[in-house]
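Q: Task: produce atomic coordinates for the following.
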Amino acid sequence: MVTLVELIYKLRSPDNKRVLQAVEELRVRGWLQDGSLRGVPLCHVHMQSVDLLSADLSNVDFHQANFENADLSMSNLSNSKLTRVNFQRANLSHTNFSGADMYKANLKEARNITDEQFKKAKRLYGATMPDGETYDGRFNLEGDLAFARWGRVEIENHQAMADFYGVSLQAYLQGQSKLESSLA
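A: Residues are numbered from 1 along each chain as shown. Here you go, the predicted structure:
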C-alpha cells in the first residue's frame, strides 16, 4: 500500500504525469480534502493542469510552483506561501486565499477570481494580475504595507507608493479610487 509520504515524494517529481497520478491517489484516499497536506513544503512542484478541486492546502509552501491550467476551485490555500507561483489560466473559483503570501505571483489570465478573494490575501506585491497588469496596491493589504514600511517608503505619499508598486501615479490613484468606491 502506498503511504502519504510516498505520494508527497511523487508530488515533487519534475514529471507532470507522475504528479497528476499522485494527486489522483491522494484524492482516492481522501488525503486531498482532510488536511493531510497542511504545512507540507512543496516548493517548485509541477502541477500544470492538475485537479485540486476542494483540496485543503492551507499553510503549504508552494514557492515557485507551477499551477498553469490547474483547477483549484474551492481549494483552501489560506496562509500558504504562494510567492512567484504561476497561476496562468488556472481556475480559482471560490479558492480561499486568506492570509496567503502571493508576492510576485503570476495570475495572468487566471479565471474566476474576485476582488473579494484578493482582499483576503496577505500580500500581492509584484503580482501579475489576471488582466496582465502589475498589481497596483488597490487593496492596501497589510503585508504589502508592512513591506513598504520595512523599505522605508512613506505610505501616505501617493507617488512613493506608486514607485514602490512599480506603477504610474495614475494607475496607483485609480486603484485607490476603486478601493474607496467599493467601500462606499
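Q: Which positions within stretch 8-16 qualify as buried?
A: 8, 10, 11, 12 (16 or more other CB atoms under 10 Å). (C-beta placed from N, C-alpha, C; glycine too.)
Q: ok, these vs residue 28, which is closest?
A: residue 10 (13.6 Å; CB to CB).
Q: Check the burial of residue 72 by counting its neighbours.
A: A total of 28 residues lie near residue 72 under the criterion other CB atoms under 10 Å.
Q: again but with residue 6, I slipped
A: Neighbours around residue 6, by other CB under 10 Å: 11.
Q: So it versus residue 77, what's the distance?
A: For residue 6, the distance to residue 77 equals 24 Å [CB to CB, to the nearest Å].
Q: now swap in residue 59 and tell me
A: Taken as CB to CB, the span from residue 59 to residue 77 is 9 Å.
Q: Which one's more surrounded, those two?
A: Relative neighbour count places residue 77 above the other of residue 59 and residue 77, with 28 against 18, counting by other CB under 10 Å.
Q: Correct me if wrong: that one contacts residue 97.
A: Yes. Taking contacts as CB atoms under 8 Å, residue 77 lies within contact range of residue 97: 5.7 Å.
Q: what domains does the record give for the chain?
A: 1-135, 136-184 (automatic domain parsing).
Q: how far is the last one from where the chain is centred?
A: From the chain centre to the centre of domain 136-184 is a distance of 19 Å (CA atoms, centre = their mean, to the nearest Å).
Q: cool, and stretch 80-88?
A: 5 Å.
Q: what's the answer for stretch 31-47, then?
A: Using CA atoms, centre = their mean, the offset of stretch 31-47 from its chain centre is 14 Å.
Q: repeat for stretch 89-103
A: 4 Å.
Q: What of stretch 112-121?
A: 10 Å.
Q: what about that stretch, how long is it end to end?
A: 16 Å (CA to CA, to the nearest Å).
Q: same deal with stretch 18-36?
A: Terminal-residue distance, stretch 18-36 (CA to CA): 19 Å.
Q: Off-centre distance for it?
A: 20 Å.
Q: Now do the helix or strand where residue 175 lies, average pLDDT.
A: Element membership for residue 175 (DSSP states H and E) is helix 169-183. Mean pLDDT, computed over helix 169-183, is 81.
Q: Then stretch 59-70?
A: On average, stretch 59-70 scores 98.
Q: And the contacts of it?
A: Stretch 59-70 is contacted from outside by 37-52, 77-91, using CB atoms under 8 Å, 6 or more residues apart in numbering.
Q: Would you mind listing the buried residues in it?
A: In stretch 59-70, counting by 16+ other CB under 10 Å, buried: 59, 60, 61, 62, 63, 65, 66, 67, 68, 69, 70.
Q: Can you say which helix or strand has the fifth one in it?
A: Following DSSP H and E, one finds residue 63 outside all helices and strands.
Q: I'd like the distance between it and residue 137.
A: 23 Å.
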